[in-house]
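Undergrad: Okay, structure incoming, though there's no sequence with it:
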Ligand SMILES: CCCCCCCCCCCCCCCCCCCCCCCCCC(=O)SCCNC(=O)CCNC(=O)[C@H](O)C(C)(C)COP(=O)(O)OP(=O)(O)OC[C@H]1O[C@@H](n2cnc3c(N)ncnc32)[C@H](O)[C@@H]1OP(=O)(O)O
Ligand SMILES: NC(=O)C1=CN([C@@H]2O[C@H](COP(=O)(O)OP(=O)(O)OC[C@H]3O[C@@H](n4cnc5c(N)ncnc54)[C@H](OP(=O)(O)O)[C@@H]3O)[C@@H](O)[C@H]2O)C=CC1
């Protein structure tokens, strides 16, 4: 039997962010491999008109949890949703719930965060720094606690090129930032934000770095480890390939490209696309939980969960692979035929944005107006281009993350654990992974059926014909205008016509002679 799976049996585990992308996969894996665990406490807030129970019900009845029901039929009884709001200073946990958490919890996995790049600094600090501090404070009062695993990001120090498994200090202490957020008003915070984040691209990466500092400062009496994943993508293998449930990272761009909205992007084809499947992150996190609890390392160990130095893929190559996948698995009702071009040149990018993104949107809106409908494409395109501009930072750089701890952990695992909790991305076949990713985006995000593929292919053929027709018409109009205005163009035109005529006459004459 797997040592790691056996370790979690009988344990009471607290997960924050369990309703998120990574949290769900982590919880699913725990239930599937350690069905004898005692309980999983999840900190949840009501959202979108759903109560806590409705949210849990929805998760447990989703496709992701289908296999869990076979191995752990009483999963409903083993999950305990606790009302909490990480936006509030005391996390808004009731006294009774807090008491239960303090006395029962064996392991904590802290996944909750705001992952929005442009979040207001006050909100990002509250969620990624203050809430982490509050949770650590709670953890320090848990007598049974064996390990606290904090999920950070490999990009928390993206201002550096080479990143070691250490915590890099930020110039201003997190405690000072937390205090100042209490009395500074929004306008002043807006003004100082660029100075505080310095050479990081956004408040997300900055506050995740601050969160790590808080973890370090509170780590003296706790048994803590930090996992730093890179860009988290769809599942690779477990519970089935291609599962994804939000638009973050590449998923939104795959939709935009597959539907033909996004055809070019400012990105460096040779930069490493450091994607990491979400099930790999979950496996590593569970292995880290086990190792930290059993071996109690003297210092806080940091684990980079990245693919670049084990099995690198590059943006240019990934673009081709995504395009190849669209050929086999086209999305329905595409706006234009998918095309993927990475360009490093700012002028070329502006050209593409004007000609390939904005102009078709304007033309389409004009058509909508003509047919009495409300125009919407230009607005949608502007939002998409804004999103793309925020992701560009990550598409134009490569980072090197040292992975000694991750490799050490791999070597500590028994062959059975290496199989059950596989986080060795050297075995990952990118082409296959990307194809499953595109399929997953189609099925689980777009909710499109494979039965619609022939129709989608036909629609793309129609779009190709319209494209050819449009280009030919455009060329003829431009040429006609040019001939009317320029003697040089007229000369070129007569030369070409003359040449073609002579060429055809020669062939006709030579074929008559042969007969
Ligand atoms: C290709 C080439 C050529 C072109 C051809 C195409 C290519 C074809 C090939 C493609 C190949 C694959 C390329 C892969 C590239 C991947 C790059 C990934 C880099 C990620 C690095 C991550 C590193 C750090 C990792 C981490 O550690 S953290 C996790 C990452 N965190 C995030 O990824 C949050 C990002 N997002 C936000 O920060 C907010 O979304 C915000 C953006 C502020 C908007 O915010 P706002 O406008 O206020 O409003 P929203 O409601 O949020 O969104 C407004 C509307 O945009 C939608 N939308 C939200 N997102 C995305 C998204 N991604 N992509 C697209 N759409 C999105 C949303 O559905 C809504 O649509 P609508 O409802 O209007 O229809
Ligand atoms: N996705 C990625 O590419 C990467 C993610 N990471 C890290 O992994 C972790 C998980 O990310 P991911 O799953 O993708 O993110 P998601 O956005 O999918 O999930 C975030 C989770 O945090 C919870 N949360 C947010 N605000 C609150 C709040 N005020 N109170 C209670 N819970 C809250 C969300 O709950 P709710 O459902 O109620 O909103 C959700 O469960 C994060 O720490 C992130 O920084 C690191 C690298 C890359």
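TA: Received, thanks. Please read all numbers here as calculations on a predicted model, not as lab measurements. Ligands and ions are numbered 1, 2, ... in the order given.
Undergrad: Which elements pack onto the lowest-mean-pLDDT helix or strand in the chain?
TA: For the chain, using mean pLDDT, DSSP states H and E, the weakest element among its helices and strands is helix 487-514, scoring a mean of 84. Helices and strands touching helix 487-514, by 3 or more Cβ pairs under 8 Å, 6 or more residues apart in numbering; DSSP states H and E, are helix 453-485. (C-beta placed from N, C-alpha, C; glycine too.)
Undergrad: Determine the number of other residues adjacent to the spatially closest residue to residue 133 that is not a sequence neighbour.
TA: Spatially, and ignoring its direct neighbours in sequence, residue 133 is nearest to residue 214 (4.9 Å; Cβ to Cβ, 6 or more residues apart in numbering). Around residue 214 there are 25 other residues, counting by other Cβ atoms under 10 Å.
Undergrad: Name the helix or strand for residue 214, please.
TA: Element membership for residue 214, per DSSP states H and E: helix 203-217.
Undergrad: So which elements touch the helix or strand following that helix?
TA: For helix 203-217, the following helix or strand on the C-terminal side (DSSP H and E) is strand 224-229. With contacts defined as 3+ Cβ pairs under 8 Å, 6+ apart, strand 224-229 has these neighbours: strand 147-151, helix 203-217, helix 278-295, strand 301-305.
Undergrad: how much space is there between residue 240 and residue 430?
TA: 18 Å (Cβ to Cβ, to the nearest Å).
Undergrad: Compare the two and say which is more crowded by neighbours.
TA: residue 430 (19 against 14).
Undergrad: quick one, phi psi at the more buried one?
TA: phi -60, psi -40 (degrees, to the nearest 10).
Undergrad: Show me which residues of the stretch 1-150 of the chain sit near ligand 2.
TA: Residues of the stretch 1-150 of the chain lying close to ligand 2 by Cβ under 6 Å from any ligand atom are 17, 19-23, 43, 45, 47, 84-87, 111-115, 127.
Undergrad: between the least confident helix or strand of the chain and helix 453-485, how many degrees?
TA: 110 degrees (axes from the mean of the first three to the mean of the last three Cα atoms, to 10 degrees).
Undergrad: Which residue ranges of the stretch 101-250 of the chain form helices?
TA: 121-125, 131-139, 174-183, 186-197, 203-217, 250-258 (DSSP state H, counting those that start in this stretch).
Undergrad: Hey, what's the angle from the fourth one to helix 174-183? Just curious.
TA: Taking the same axes, to 10 degrees, helix 186-197 and helix 174-183 form an angle of 160 degrees between their directions.
Undergrad: Ligand 1 contacts on the stretch 401-515 of the chain?
TA: Residues of the stretch 401-515 of the chain lying near ligand 1 (Cβ under 6 Å from any ligand atom): none found.
Undergrad: If you tally nearby residues, what's the number for residue 438?
TA: Residue 438 has 27 nearby residues by other Cβ under 10 Å.
Undergrad: cool, and residue 87?
TA: 14.
Undergrad: Distance of it relative to residue 128?
TA: From residue 87 over to residue 128 (counting by Cβ to Cβ), the distance is 11 Å.
Undergrad: Repeat that for residue 198.
TA: 17 Å.
Undergrad: Tell me which of these two has more neighbours.
TA: More neighbours surround residue 128 than the other of residue 198 and residue 128, with 29 against 11 (other Cβ under 10 Å).
Undergrad: Skip the chain neighbours and tell me the closest residue to that one.
TA: residue 207 (3.8 Å).
Undergrad: residues contacting that neighbour?
TA: 114, 121, 124, 125, 127, 128, 129 (Cβ atoms under 8 Å, 6 or more residues apart in numbering).
Undergrad: picking up where we left off before, please narrow the residues of the stretch 1-150 of the chain next to ligand 2 to those residing in strands.
TA: Under the assignment DSSP state E, those contribute residue 43 to strands.
Undergrad: Phi and psi next, for residue 401.
TA: Dihedral angles (degrees, to the nearest 10) for residue 401: phi -110, psi 130.
Undergrad: Quick one: residues contacting it.
TA: Residue 401 neighbours (Cβ under 8 Å, 6+ apart): 154, 163, 228, 230, 304, 306, 308, 309.
Undergrad: still on that earlier bit, could I get the helices of the stretch 101-250 of the chain as CSV with mean pLDDT?
TA: Shown next, in CSV, are the helices of the stretch 101-250 of the chain (pLDDT from 0 to 100):
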stretch, mean pLDDT
helix 121-125, 98
helix 131-139, 97
helix 174-183, 96
helix 186-197, 97
helix 203-217, 97
helix 250-258, 96
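Undergrad: among the ones you listed, which is the most enclosed?
TA: helix 203-217 (a mean of 24; mean count of other Cβ atoms under 10 Å).
Undergrad: for the stretch 401-515 of the chain, which spans come out with low pLDDT?
TA: 513-515 (pLDDT under 70).
Undergrad: Residue of it closest to ligand 1, please.
TA: Taking Cβ to the nearest ligand atom as the measure, the stretch 401-515 of the chain has residue 434 as its residue closest to ligand 1, at 8.2 Å.
Undergrad: Not counting residues beside it along the chain, what's closest to that residue?
TA: residue 321 is the one closest to residue 434 (Cβ to Cβ, 6+ apart), at 4.2 Å.
Undergrad: Show the model's pLDDT score for the one you found.
TA: Residue 321 is assigned a pLDDT of 97 by the prediction.
Undergrad: what element comes up after the helix or strand it falls within heading to the C-terminus?
TA: Using DSSP H and E, residue 321 falls within helix 315-328. Next along the chain after helix 315-328, taking DSSP H and E as the criterion, comes strand 341-343.
Undergrad: what's that following strand in contact with?
TA: 263-269, 315-316, 319, 349, 352, 395.
Undergrad: follow-up on the earlier one: let me see the contact set for the residue nearest to residue 133.
TA: 129, 132, 133, 136, 174.
Undergrad: now do residue 484
TA: So residue 484 contacts nothing (Cβ under 8 Å, 6+ apart).
Undergrad: That one and residue 497, how far apart?
TA: 16 Å.
Undergrad: And residue 186, by the same measure?
TA: 68 Å.
Undergrad: And for residue 131?
TA: Taking Cβ to Cβ as the measure, residue 131 falls 74 Å from residue 497.
Undergrad: Domains in this structure, by residue range?
TA: Using automatic domain parsing, the domains assigned to the chain come out as 3-239+273-312+399-426, 457-514.
Undergrad: Out of the helices and strands packed on strand 224-229, flag the one nearest ligand 1.
TA: helix 203-217 (6.2 Å).
Undergrad: which phi and psi does residue 20 have?
TA: phi -90, psi -180.
Undergrad: Can you get me a residue count around it?
TA: Quick note: residue 20 (other Cβ under 10 Å) scores 19 neighbours.
Undergrad: Need the pLDDT of it.
TA: 98.
Undergrad: Then residue 1?
TA: Predicted confidence (pLDDT) for residue 1: 82.
Undergrad: what sits against the closest residue to it other than its chain neighbours?
TA: Counting by Cβ to Cβ, 6+ apart, residue 1 lies nearest to residue 416, which is 7.3 Å off, once chain neighbours are set aside. By Cβ under 8 Å, 6+ apart, residue 416 lies in contact with 1, 2, 3.
Undergrad: residues from the stretch 201-350 of the chain in reach of ligand 1?
TA: Going by Cβ under 6 Å from any ligand atom, the residues of the stretch 201-350 of the chain near ligand 1 are 231, 247-250, 252-254, 256-257, 262-265, 318-319, 322, 340-342.
Undergrad: let's see it at 5 Å
TA: Proximity of the stretch 201-350 of the chain to ligand 1, by Cβ under 5 Å from any ligand atom, involves residues 231, 247-250, 252-253, 257, 262, 264-265, 319, 322, 340.
Undergrad: In PyMOL, select just the buried ones from the residues you listed.
TA: A single PyMOL command is used to select the members of those judged buried by 16 or more other Cβ atoms under 10 Å:
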select buried, resi 231+248+249+250+252+253+257+262+264+265+319+322+340
